[in-house]
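1. just coords:
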């Protein structure tokens, strides 16, 4: 016996839609399956199944989200920090990062 279905109509930004659908296509998962999974998670958790809070820290922009001027300012600030001895050596940074993500000594 065929499963009955209902339609969902949603308006999304064209670029968001295109990016998300490209990822789903790479994964081989139809949009309808993803929507159905989301709905089932909402039912199971009795809420939205992911955090909807505003991060306490500013999330840095990716290079393609910055203007050339913003990128130049970020680079100049980083160079100034290095000259002033701010920061930590790269090996210490990566050791700490690996320890925090639980892969210390595995690479």
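-> Here it is on my side, so go on. Source: prediction; values computed, not measured.
2. start to end distance for stretch 39-57?
-> End-to-end distance of stretch 39-57 (C-alpha to C-alpha, to the nearest Å): 30 Å.
3. just the residues contacting it, thanks.
-> Stretch 39-57 is touched from outside by residue 38, with contacts defined as C-beta atoms under 8 Å, 6 or more residues apart in numbering. C-beta here means a position set from N, CA and C on the backbone, and glycine is covered the same way.
4. could I get the buried residue list for that stretch?
-> Within stretch 39-57, no residue is scored as buried using 16 or more other C-beta atoms under 10 Å.
5. pLDDT averaged over that stretch - what is it?
-> Stretch 39-57 carries an average pLDDT of 87.
6. likewise stretch 11-24?
-> For stretch 11-24, the per-residue pLDDT averages 94.
7. chain center to it: distance?
-> Distance of stretch 11-24 from its chain centroid, counting by C-alpha atoms, centre = their mean, to the nearest Å, is 14 Å.
8. care to break the chain down by domain?
-> The chain resolves into domains spanning 14-45, 63-100 when parsed by automatic domain parsing.
9. good, wrapping up.
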